[in-house]
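*Asks:* A structural model of the following input is requested.
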Amino acid sequence: MAIITREAPPGLTKSANPVRSALLPRAALAACAILVLATGGCGPSRLRPIDTEFDFSRKVLKAERPAVVYFTKEGCAACMFLNPCINQLFDEYQDRVDFAEFDLMTFWGTIKCEPIWKRHRVAYFPTVVLFVGGKEKHRWVGEYNGNAYRKVLDEVAGPPASKKPPGAGT
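*Replies:* Coordinates of the predicted model:
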């Protein structure tokens, strides 16, 4: 019986344990999950879910107000980190902006609604897109700073009713 050997990749010695090396990605995922739980980001988003192309058209493209769509992937740790920020923005802007969440990809990488995926070219998660009048106005990819969202949302939605300047209407 012949024994086939392979050269070790650069930086990996022959004495390295391949089983332990295979477990490193799992350890990284576990560490990420612990961080998500510690930051409170594991809770579900409070946004209206979108499940179909019809829902997307009705809730986003035909919306009378600006609409924010939070494109996520099932089980995405980065998306879970963004949930508290998106929920905070929802609380601040829900009277001026419509919010929706589209879980576009399953945990195993299957696209749930291919026409929306192709039309809006969502390649990375989390992706947040602002639509105004049915057209894309702004896109954030992997942005975790709430102030970056607020700057753009304030431009399209205006100040909250309580912060309108005197004489600006009722």
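
*Asks:* show me where this structure has helices.
*Replies:* Under the criterion DSSP state H, helices of the chain are mapped to 18-39, 53-56, 77-93, 114-120, 146-157.

*Asks:* give me the contacts around the fourth one.
*Replies:* Contact partners of helix 114-120, identified using CB atoms under 8 Å, 6 or more residues apart in numbering, comprise 53, 56, 71, 102, 104-105, 111, 122, 129, 136. (Each C-beta comes from the backbone N, C-alpha and C, glycine too.)

*Asks:* same thing but 7 Å
*Replies:* 53, 56, 102, 104, 111, 129 (CB atoms under 7 Å, 6 or more residues apart in numbering).

*Asks:* grab the nearest non-local neighbour of the fifth one.
*Replies:* Among residues not flanking Ile111 along the chain, Trp117 sits closest, at 4.9 Å (CB to CB, 6 or more residues apart in numbering).

*Asks:* can you tell me how far the one you found is from Arg58?
*Replies:* 18 Å (CB to CB, to the nearest Å).

*Asks:* also Arg119?
*Replies:* 16 Å.

*Asks:* again, but for Phe99
*Replies:* The value you get for Phe99 to Arg58, if CB to CB is used, is 14 Å.

*Asks:* those two: who's more crowded?
*Replies:* Between Phe99 and Arg58, Phe99 has the larger neighbour count (other CB atoms under 10 Å), namely 22 against 12.

*Asks:* who's in contact with Pro160?
*Replies:* Counting by CB under 7 Å, 6+ apart, Pro160 has contacts 95-96.

*Asks:* rerun at 10 Å
*Replies:* Applying CB atoms under 10 Å, 6 or more residues apart in numbering to Pro160 gives the contacts 92-93, 95-96, 154.

*Asks:* so how many other residues sit close to Lys151?
*Replies:* Using other CB under 10 Å, Lys151 is surrounded by 11 other residues.

*Asks:* show me the shaky parts of this structure.
*Replies:* Applying pLDDT under 70 to the chain flags the ranges 1-45, 162-170.

*Asks:* how about a cut-off of 80?
*Replies:* 1-46, 48, 51, 105-111, 113-114, 118, 159-170 (pLDDT under 80).

*Asks:* so Ser57 touches Phe131, yeah?
*Replies:* No - between Ser57 and Phe131 there is no contact under CB atoms under 10 Å: 11.1 Å.

*Asks:* need the overlap of contacts for these two.
*Replies:* By CB under 10 Å, 6+ apart, the residues touching both Ser57 and Phe131 are Ala63.

*Asks:* the two - which one has more neighbours?
*Replies:* Taking neighbours as other CB under 10 Å, Ser57 and Phe131 compare with Phe131 leading, 23 against 14.
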